[in-house]
Structure formats: structure tokens, C-alpha cells
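Enquirer: pasting the sequence and the predicted coordinates here, then a few questions.
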Amino acid sequence: MNKQQLEKLEQRIESTADQQCRGNQSIRREDPITGRQVIINPLRAARHFEVSGEAPPKVTPRDNCFFCTGRTPSTLFYFDEEGQLVVEDEDKSLQAAAEYWSQPGKTPGKLGDHYGLVGALGGTTFPSEWRSRTFYNLTPALGANEPGNCYVTAVHPDYHYRDLADMPTTVVDSVIASWQVLERLALENGLVAVPFINGGRRPESGQSVSCFHSQIYVMRPPKLYETIQSRRKANGCGVCEVLKDGNFTIKQLGNSQKVWLGAYPAPARNYSLLVSVQPEKETCPARISDLTDQVRKDFAEALKTAIQMYRQIFGEIPAYNIAVRTGDVIGHLHAEIIPKTRTNIPAGFEDAAFEFSLSELPERFASLARKEV
């Protein structure tokens with residue numbers, strides 16, 4: 001392009017500028033916790049859509065569910081019906097695994113052989129009375145050269161067809177208690193715990209097994225954790241900053257009144273929520289493993305309330321992710337809850353610029369949500 005063409009293009013752009021609807025409602029915001037850059041413009045909510053959504057996938061029958069039938073790696077520990085931790089000490093599964101790997105042609109690290117192994121185990125360590133049980137994730141993202149492990153916590157088959165919002169609080173509480181156990185294991189090994197939930201029985205969340213479950217990585221601190229730590233040292237606690245702003249507050253939950261539920265201030269997606277715990281005498285609660293039994297139960301209730309709110313807002317439970325950030329590197333325990341609806345999907349701009357474009361002002365969402373709750 002020569003100079004003459006460039007000048008002509010600039011004139012053309014100027015003369016046609018009124019054809020683009022830019023409005024004056026766009027604002028920029030930086031997430032005080034992660035440093036994420038967000039553009040919020042309500043005009044985006046009025047965009048034309050002709051791409052239709054797909055129906056949610058059918059739920060796999062319980063008889064075929066890997067988790068409900070116990071066709072998983074061996075149970076490592078579980079919480080019984082009284083909420084007590086039981087570390088599994090049986091050796092049936094160890095014997096069955098030894099016999100399986102002794103067969104000719106069986107190779108550890110080969111996916112097909114590992115699926116054959118869990119089929120052969122077939123529930124040999126299936127507890128008789130339990131709320132939740134924890135075992136290895138069969139195919140973790142971490143390879144053999146990475147320290148740490150990925151674990152799955154599944155709930156009792158009685159709750160196979162239920163999502164988080166419809167679980168008894170005692171069951172959700174036992175899932176969080178499982179995270180506590182694994183965080184203590186992480187601390188013993190100089191690692192961090194990264195718990196998360198892929199929910200809604202939809203592939204947009206990354207959920208591949210219809211039975212409700214959570215996962216947790218015990219690993220080296222991810223880059224995001226180091227970013228949060230650096231921002232906290234430089235600017236103070238971003239979580240506390242949000243908790244003190246009444247514009248984002250939706251509700252204080254539970255008997256302890258220490259668990260806070262509100263709108264996420266600068267989310268990657270519309271309608272994202274934040275769950276956290278109020279500081280105690282100006283000391284930020286860093287670890288989920290340090291929560292008292294009552295605050296842990298209230299944290300469980302907050303997660304349930306958040307997903308129920310989505311049902312009320314959208315008319316059904318959408319795909320969603322719950323990212324729990326815990327530990328000394330994070331500095332202040334919190335969970336970011338992210339719904340994934342058809343009109344709420346980051347597109348090319350987000351990947352190209354790593355800035356997120358939204359249509360819903362979080363303060364307005366918090367105001368609407370307060371009425372729902």
C-alpha cells in the first residue's frame with residue numbers, strides 16, 4: 001500500500017464511521033485478583049445470532065457409569081456415611097492389578113491397557129457405605145516427567161442423576177473434605193492443590209462422564225498462581241478488595257456467616273461468580289485445608305446456591321466450571337464459578353488479544369442475583 005492509498009483508506013474509514021455501532025457504554029476493567037483484562041459493553045448482548053445450540057447430551061445409564069460401577073483405579077480413601085475419613089488399606093485391587101500386568105503384552109502407559117485394567121478391577125475396592133471416594137484420574141494432563149498427580153472424587157451412585165445444586169450438602173461437604181485431604185498431601189510434598197469441577201453434563205465444561213464428580217491436581221504452582229502471588233505482594237489482596245465492595249456482594253452464607261458469594265468483578269464470561277471466606281482479624285484464609293467443619297459446610301452450601309442461581313436465571317443448569325484456588329501461593333482462598341452458555345463463549349478476539357469482551361456489567365448482575373437469592 002502506498003501513501004496515496006493509505007490516505008484514501010483513512011478518508012474512507014472516516015466517511016463511513018457512522019455505520020458501526022460503537023456506542024458510549026464500553027468500559028475497561030482489570031481483575032484485581034488475576035490481572036485479567038476485560039472490556040464490558042452491553043451492546044454485545046443485542047448481537048444477531050443464527051447459530052443454533054445443541055440439545056444437552058443424554059445421561060449415561062447408571063449401570064454403564066464408570067464411577068458408579070467402580071470401574072476406576074483403586075479407591076485411595078473415602079468418606080463414610082458419618083462423614084469420617086477412611087484410608088483404604090485393602091490389597092485385593094493390588095493383587096488383581098499385579099495379575100493383570102503379568103499377562104503377556106500388557107504395557108503400563110498404554111491407554112488401552114489401562115482401560116482394560118480398570119475393567120478388570122471392576123469395583124474390588126468399592127466401599128459398602130460411603131458419601132464420596134477418591135481415586136487416580138485415569139488420563140491426567142500431567143505426564144510421567146511432571147511431579148504430582150491428578151485425582152478424581154466421585155459421589156455415591158444414589159446421586160448419579162443429580163447435579164451439584166441438587167446434592168445433599170453433606171455430600172458436597174465430603175467432596176470439599178476430600179480436597180482438604182489432598183491439599184495436606186500436597187503441602188507435605190512441597191506442591192499445591194488445584195481443585196476444580198466440570199459440571200452441567202455438557203461437553204462445553206469439559207465434562208466427559210455424566211456422573212457428578214470433582215478433580216484435583218497436586219502439582220507445582222501454575223503460572224497463574226505465581227501471577228496472583230506477585231499481584232498480591234505489589235497491590236495487596238485482590239480478593240479482600242472485592243469482598244469489601246458492596247456492589248459485588250450477593251449474600252453471606254451459612255451459620256458461620258463467613259462465606260461470601262458475589263459477582264466476579266472482571267470475569268472471562270458473563271454471570272461468573274466468586275465464593276470466598278471473610279478474613280479473620282485481618283488475616284486472609286489461604287488454605288481450604290484450614291477451614292473448620294462449619295465453614296467448610298457453608299462453603300459447600302455457597303457452591304450449591306451458585307449453581308441453583310444459574311438454574312433460576314437460565315431456566316436450566318448450563319455447562320459450568322468451578323475453579324478453586326487455594327494455598328499459600330494464592331494467599332486468600334476463593335472459587336471462581338464460570339457458566340458456559342451458547343451466547344457466552346469467548347471467541348477469536350479473546351484468543352487473539354487475551355482480553356475478554358463481555359456484555360453484562362458484574363454490578364448489575366449482582367443486583368439481579370440478590371433478588372433471586
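Expert: Nice, I can see it. Numbering: from 1, shown residues only.
Enquirer: so where's the chain uncertain?
Expert: By pLDDT under 70, the low-scoring segments of the chain are 47-58.
Enquirer: repeat that with 80
Expert: For the chain, applying pLDDT under 80 flags the ranges 20-25, 43-61, 256, 342-343, 345, 372-373.
Enquirer: all helices of it, in order?
Expert: 3-15, 66-69, 92-101, 111-121, 169-188, 223-235, 238-243, 293-314, 348-353, 362-372 (DSSP state H).
Enquirer: in this structure, which residue is closest to the centre?
Expert: The residue lying closest to the centre of the chain (CA atoms, centre = their mean) is I322, at 2.2 Å.
Enquirer: count of residues packed around the nearest residue to that one once chain neighbours are set aside?
Expert: Once flanking residues are discounted, I322 sits nearest to I197: 4.1 Å by CB to CB, 6 or more residues apart in numbering. C-betas here are computed from N, CA, C, even on glycine. Neighbourhood size, I197 [other CB atoms under 10 Å]: 26.
Enquirer: how much space separates I197 from Y271?
Expert: I197 sits 17 Å away from Y271 when distances are taken as CB to CB, to the nearest Å.
Enquirer: try N149
Expert: Look at N149 and Y271: by CB to CB, they are 33 Å apart.
Enquirer: those two: which is more packed in?
Expert: More neighbours surround Y271 than the other of N149 and Y271, with 24 against 19 (other CB under 10 Å).
Enquirer: isn't the more buried one right up against Q312?
Expert: No: the criterion here is CB atoms under 8 Å, and Y271 misses it with Q312 at 11.5 Å.
Enquirer: coming back round to it: out of the helices of the chain, nearest to L85?
Expert: The closest of the helices of the chain to L85 is helix 169-188. By CB to CB, the value is 6.6 Å.
Enquirer: tell me which residues of that closest one are tucked away?
Expert: 171-183, 185-187 (16 or more other CB atoms under 10 Å).
Enquirer: go on, stretch 355-370?
Expert: 356-362, 365-366, 369.
Enquirer: what lies in contact with stretch 281-289?
Expert: Residues external to stretch 281-289 that are found in contact with it (CB atoms under 8 Å, 6 or more residues apart in numbering): 176, 179-181, 183-184, 187, 193, 195, 237, 239-240, 277, 279, 291, 296, 299, 324, 326-328, 330-333.
Enquirer: list only buried entries from the residues you listed.
Expert: 176, 179-181, 183, 187, 193, 195, 237, 239-240, 277, 279, 291, 296, 299, 324, 326-327, 330-333.
Enquirer: distance of the nearest residue to T326 once chain neighbours are set aside from F212?
Expert: Among residues not flanking T326 along the chain, I288 sits closest, at 4.2 Å (CB to CB, 6+ apart). Here I288 is placed at a distance of 19 Å from F212 (CB to CB).
Enquirer: start and end of stretch 197-212, how far apart?
Expert: One end of stretch 197-212 to the other measures 9 Å (CA to CA, to the nearest Å).
Enquirer: repeat that for stretch 196-208.
Expert: First-to-last distance for stretch 196-208 - CA to CA - comes to 14 Å.
Enquirer: list the buried residues in that stretch.
Expert: Those would be 196-202, 204-205, 207, for stretch 196-208 by 16+ other CB under 10 Å.
Enquirer: and for it, what's in contact with it?
Expert: The contact list for stretch 196-208, computed with CB under 8 Å, 6+ apart, reads 56-57, 59, 163-164, 210, 212-216, 303, 307, 317-324, 340, 345.
Enquirer: let me see the ranges of the strands in the stretch 51-200 of the chain.
Expert: All strands of the stretch 51-200 of the chain, identified by DSSP state E, counting those that start in this stretch, fall at 75-79, 85-87, 132-136, 149-155, 192-199.
Enquirer: mind listing residues that contact the shortest one?
Expert: When contacts are taken as CB under 8 Å, 6+ apart, the neighbours of strand 85-87 outside the stretch itself are 76-80, 127, 130, 177, 181.
Enquirer: so what strands line up beside it?
Expert: strand 75-79 (antiparallel) (DSSP bridges).
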